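Colleague: coords please:
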Amino acid sequence: MPNEPKPPQPGTIQVIAGDVVARGTYSNNMLVSHTPEEFIIDWLLNSPAGMHLVSRVIISPGHVKRVIAALTDNLQKYEMNFGSVRSIDATDQQFH
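Modeller: Residues are numbered from 1 along each chain as shown. Take a look at the predicted model:
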């Protein structure tokens with residue numbers, strides 16, 4: 001049938017999202033807090049108009065470890081392809 005969706009290939013994950021979520025949200029700052037059961041990550045946009053909360057993600061401590069491992073692995077791959085990422089101090093992040 002021509003209008004039937006194709007099943008995902010083995011080893012792939014099919015993610016369904018609405019247009020707003022699929023476009024993504026830019027964040028240039030974050031706050032992290034935690035309780036014994038969860039971590040709360042607030043993604044922020046620091047702009048000339050002030051600091052805006054753009055997303056809040058609440059995850060388990062076990063998932064935090066997996067996120068850190070995945071980000072570490074991907075940052076290493078990124079730097080192998082594109083070179084070292086320069087870290088800047090918080091004092092350098094000002095608007096001109």
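
Colleague: for this protein, which residues score under the pLDDT cut-off?
Modeller: Low-confidence segments of the chain (pLDDT under 70): 1-8, 90-96.

Colleague: ranges for the strands of it?
Modeller: For the chain, the strands defined by DSSP state E cover 29-34, 39-47, 50-59.

Colleague: can you give me the neighbour number for Tyr64?
Modeller: That one is not Tyr; residue 64 is Val. The local packing of Val64 (other CB atoms under 10 Å) involves 15 other residues. From N, CA and C alone the C-beta is placed, and that goes for glycine too.

Colleague: next: Val67.
Modeller: 14.

Colleague: the residue nearest to it when sequence neighbours are not counted bridge partners, please.
Modeller: Spatially, and ignoring its direct neighbours in sequence, Val67 is nearest to Ile59 (7.0 Å; CB to CB, 6 or more residues apart in numbering). Going by DSSP bridges, Ile59 is paired in beta bridges with Phe39.

Colleague: wait, what's in contact with Ile59?
Modeller: Glu38, Phe39, Ile41, Val67 (CB atoms under 8 Å, 6 or more residues apart in numbering).

Colleague: buried subset of these as a ChimeraX selection?
Modeller: Buried residues within the contacts of Ile59, by 16 or more other CB atoms under 10 Å, are selected in ChimeraX with:
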select :39,41
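
Colleague: any chance of a markdown table for the contacts of Ile59, columns distance to Met80?
Modeller: Formatted as a markdown table, the contacts of Ile59 follow (distance: CB to CB, whole Å):
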| residue | distance to Met80 |
| --- | --- |
| Glu38 | 33 |
| Phe39 | 28 |
| Ile41 | 26 |
| Val67 | 20 |
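
Colleague: what's the closest of the contacts of Ile59 to Tyr78?
Modeller: Val67 (15.9 Å; CB to CB).

Colleague: any idea how far that closest one lies from Ser60?
Modeller: For Val67, the distance to Ser60 (CB to CB, to the nearest Å) stands at 10 Å.
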